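# sharing a sequence plus its predicted fold:
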Amino acid sequence: LKRKRPPKLQIPSSGGESEVVKPDHMDVPMDISAEGKGYGIHSKKGHREVLEDAYQAVLDIDGNSRHAFFGIFDGHGGRVAAEFAADNLSRNIRDALDNGERDLEAAVRVGYLSTDAAFLKKQLSSGASCVTAFIRDGSLVVANAGDCRAVMSRNGVAVALTEDHRLAREDERRRVEDLGGYVDLYSGVWRLQGVLAVSRGIGDIHLKRWVSAEPEIQKLAVDEDCEFLLLASDGLWDVVSNQEAVDCVGDEIRSAEMSSVGGLAASTKKLAELAASRGSQDDISVMAIDLRHF
């Protein structure tokens, strides 16, 4: 039984002074490439009829060029949860900051939980894995819930900043079982209640007792050794290692200037095509963020 994955590639609207970058709307999106100040993204459709990943890029938050938010969202059981998260998660984090939360990590946590709570009110069964990065004044806060992943290149060495929330993790299996759920192994994949391959994320109302929206969060300082950050859905990570991904993107962007038009988007396209050539059947979304830009 294969986990369903939805949401087309879409960027949300945003209020305030932030610049939100949107791709052209497509009713049936295929492969999509986009590039903005300091980032590039490529999404490659898998075997399904439409591309079912979503992304978000919010630049110049509060008019500050060193403040930005990025996210990749991989849905399952329908596309609506990933689209909802892309439309609302950044805004909810910024609302928490505007409402007096001074700690960015705490605001990110509030953003994830409030986005989940709002989506659950819609009584829809869809769910989504999320990985996000908030950059502010030389600090990077990375968060994830599900099996999208963040990997940073530090002097060419891959550094994983997140750990996938899959049931192969003993701590996640134990958490589910302590809550009365069960985990079974199907065709080599551990699944919650025999259905879902991830243990955290937005949505999944019928499994919400066990599927936590609580993100794991890491904060670090962006120094001169930090080159770029990769955010990607599991369509990439299932067939490409962290170091291979960093090498592939690094080689491509070093052949041109990091900030040149086409450099970052071209590097993510090359990486997505590598994953597809290795047999990935899932949608593949890869975002590369030039940390030196911020």
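All right, it came through fine. As the structure is a prediction and not an experimental result, all values here were calculated from the model.
# hey, let's count contacts and neighbours off CA atoms from now on
Noted.
# what does the average pLDDT come to for whichever helix in the chain runs longest?
Longest helix in the chain, counting residues (DSSP state H): helix 80-98. Regarding helix 80-98, the rounded mean pLDDT is 96.
# buried residues in that helix?
By neighbour count on 16 or more other CA atoms under 10 Å, the buried set for helix 80-98 is 80-94, 96-97.
# for this protein, which spans come out with low pLDDT?
Scanning the chain for pLDDT under 70 picks out the ranges 1-29, 256-262.
# do a quick rundown of the helices in it.
With DSSP H as the criterion, the chain has helices spanning 80-98, 104-120, 170-178, 234-237, 242-254, 263-277.
# and Ile217, which of the ones you listed is closest to it?
Ile217 lies closest to helix 104-120 among those, at 6.9 Å (CA to CA).
# residues touching the closest one, excluding its own?
Helix 104-120 is touched from outside by 81, 84-85, 88-94, 96-97, 101, 141, 143, 202-203, 205, 213-215, 217-219, with contacts defined as CA atoms under 8 Å, 6 or more residues apart in numbering.
# one step back: mind putting the helices of the chain into JSON lines with distance to Asn64?
Output for the helices of the chain, formatted as JSON lines (distance: least, CA to CA, whole Å):
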{"stretch": "helix 80-98", "distance to Asn64": "13"}
{"stretch": "helix 104-120", "distance to Asn64": "16"}
{"stretch": "helix 170-178", "distance to Asn64": "38"}
{"stretch": "helix 234-237", "distance to Asn64": "32"}
{"stretch": "helix 242-254", "distance to Asn64": "25"}
{"stretch": "helix 263-277", "distance to Asn64": "22"}
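# which of those sits closest to Met287?
Minimum separation from Met287 across those (CA to CA) falls at helix 263-277, 6.4 Å.
# now do the closest one against helix 242-254, angle only.
140 degrees (axes from the mean of the first three to the mean of the last three CA atoms, to 10 degrees).
# for helix 263-277, buried residues please.
Neighbour-count burial for helix 263-277 [16+ other CA under 10 Å]: 263-276.
# stretch 124-142 now?
Those would be 124-136, 139-142, for stretch 124-142 by 16+ other CA under 10 Å.
# and stretch 186-200, by the same measure?
Buried residues in stretch 186-200 (16+ other CA under 10 Å): Val189, Trp190, Arg191, Leu192, Val195, Leu196, Ala197, Val198, Ser199, Arg200.
# and those residues, which two are the farthest apart?
Farthest apart among the buried residues of stretch 186-200 by CA to CA are Val189 and Arg200. That separation is 15.7 Å.
# ok, Ser90 - contacts?
Contacts for Ser90 were tallied using CA under 8 Å, 6+ apart; they are Val58, Phe69, Gly111.
# how does it look with 10 Å?
The neighbourhood of Ser90, defined by CA atoms under 10 Å, 6 or more residues apart in numbering, consists of 12, 14, 56-58, 68-71, 108, 111-112, 115, 132-134.
# go on, Leu97?
Arg91, Asp103, Leu104, Ala106, Ala107, Val108, Val110, Gly111.
# how many neighbours does the fourth one have?
Ala106 is surrounded by 14 other residues when neighbours are defined as other CA atoms under 10 Å.
# so what's Ser153 bridging to?
Beta-bridge pairing for Ser153 (DSSP bridges): Ala158, Phe228.
# and it, what does it touch?
Residues counted as contacts of Ser153 (CA under 10 Å, 6+ apart) are 159-160, 225-230, 242-243, 245-247, 249-250, 290-291.
# cool, Ala85 as well?
12, 54-56, 71-75, 91-92, 111-112, 115-116, 118-119, 127-130, 202-203.
# among the contacts of Leu97, which one sits closest to Val176?
Once CA to CA is applied, the member of the contacts of Leu97 that ends up nearest Val176 is Val110, at 22.0 Å.
# the closest one: neighbour count?
Quick note: Val110 (other CA under 10 Å) scores 22 neighbours.
# from Leu104, how far out is it?
Relative to Leu104, Val110 is positioned 10 Å away (CA to CA, to the nearest Å).
# can you check Gly235 too?
Taken as CA to CA, the span from Gly235 to Leu104 is 29 Å.
# do the same with Leu274
Distance from Leu274 to Leu104, counting by CA to CA: 35 Å.
# what's the answer for Val159, then?
From Val159 to Leu104 the distance is 22 Å (CA to CA).
# also Leu230?
21 Å.
# likewise for Ser153?
Taking CA to CA, one finds Ser153 at 23 Å from Leu104.
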